[in-house]
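Engineer: need the 3D shape of this:
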Amino acid sequence: MMALRHLIRHRLCFGFWWREEGAVLAEALVVVPFVTLFAAGILEFGNIFWERMQIDAGLRDAGRYWSRCRQSPTYTSYCTEDIARKIAFYGSPIPPTGTPLRVPGWGPDTAALTISPISTNGTITVETSHLYQTSPLFGWLGIDTITINSSHEERYIGW
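Structural biologist: Take a look at the predicted model:
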């Protein structure tokens with residue numbers, strides 16, 4: 001009976017140290033949370049860069065439109081800042097009803113889009129800032145809100 005107890009104690013206590021059946025599970029339990037956070041961070045930063053590129057494209061399109069508008073007191077122009085804003089936010093001067101914004105949360109009601117008049121060096125500037133709508137991951141990591149600031153300068157051409 002004593003030998004049986006000794007054999008059971010030896011196999012239960014020391015048997016785990018030399019066996020490898022649970023090693024993969026233990027390593028996975030340690031590694032998977034870090035890999036998951038790393039992958040989520042990559043996706044989140046990829047989304048930030050995508051939004052920045054879309055905002056830059058909107059500002060570039062609005063700047064190109066506005067740089068070709070004749071701005072003279074003696075000439076009646078049909079160009080308006082409202083059309084330039086719609087081009088920036090929607091990608092179209094007359095967006096159909098229900099057209100999605102280029103960037104979620106960056107639109108006529110939520111973002112300030114500044115279109116400057118012709119400067120002394122003959123350029124116009126279109127600029128904006130956008131508060132990025134973060135995921136819960138950034139809040140959990142303690143990262144504050146991210147503001148995407150962007151501007152585009154275009155040489156004035158006129159008609």
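
Engineer: tell me what the lengthiest helix in the chain is packed against?
Structural biologist: Counting residues, the longest helix in the chain under DSSP state H turns out to be helix 23-67. Here helix 23-67 touches helix 81-90, strand 113-115, strand 123-132, helix 136-141, strand 146-155, going by 3 or more Cβ pairs under 8 Å, 6 or more residues apart in numbering; DSSP states H and E. (C-beta placed from N, C-alpha, C; glycine too.)

Engineer: how far out from the middle of the chain is that helix?
Structural biologist: 7 Å (Cα atoms, centre = their mean, to the nearest Å).

Engineer: give the contact list for the most centrally placed residue in the chain.
Structural biologist: In the chain, the centroid-proximal residue (Cα atoms, centre = their mean) is Ile48; its distance is 2.1 Å. The contact partners of Ile48, by Cβ atoms under 8 Å, 6 or more residues apart in numbering, come to 132, 146, 148.

Engineer: distance of the second one from Ser135?
Structural biologist: Distance from Ile146 to Ser135, counting by Cβ to Cβ, to the nearest Å: 11 Å.

Engineer: tally of neighbours for Thr147?
Structural biologist: 9 (other Cβ atoms under 10 Å).

Engineer: surely it touches Thr134?
Structural biologist: No: taking contacts as Cβ atoms under 8 Å, Thr147 lies outside contact range of Thr134: 11.2 Å.

Engineer: for Gly105, which of the helices and strands packed on helix 23-67 is the nearest?
Structural biologist: Closest approach to Gly105 among the helices and strands packed on helix 23-67 is made by strand 123-132 (7.1 Å; Cβ to Cβ).

Engineer: what angle separates that closest one from strand 146-155?
Structural biologist: Interaxial angle, strand 123-132 versus strand 146-155 (axes from the mean of the first three to the mean of the last three Cα atoms, to 10 degrees): 170 degrees.

Engineer: strand partners (parallel or antiparallel) of strand 123-132?
Structural biologist: Its sheet considered, strand 123-132 pairs with strand 113-115 (antiparallel), strand 146-155 (antiparallel) by DSSP bridges.
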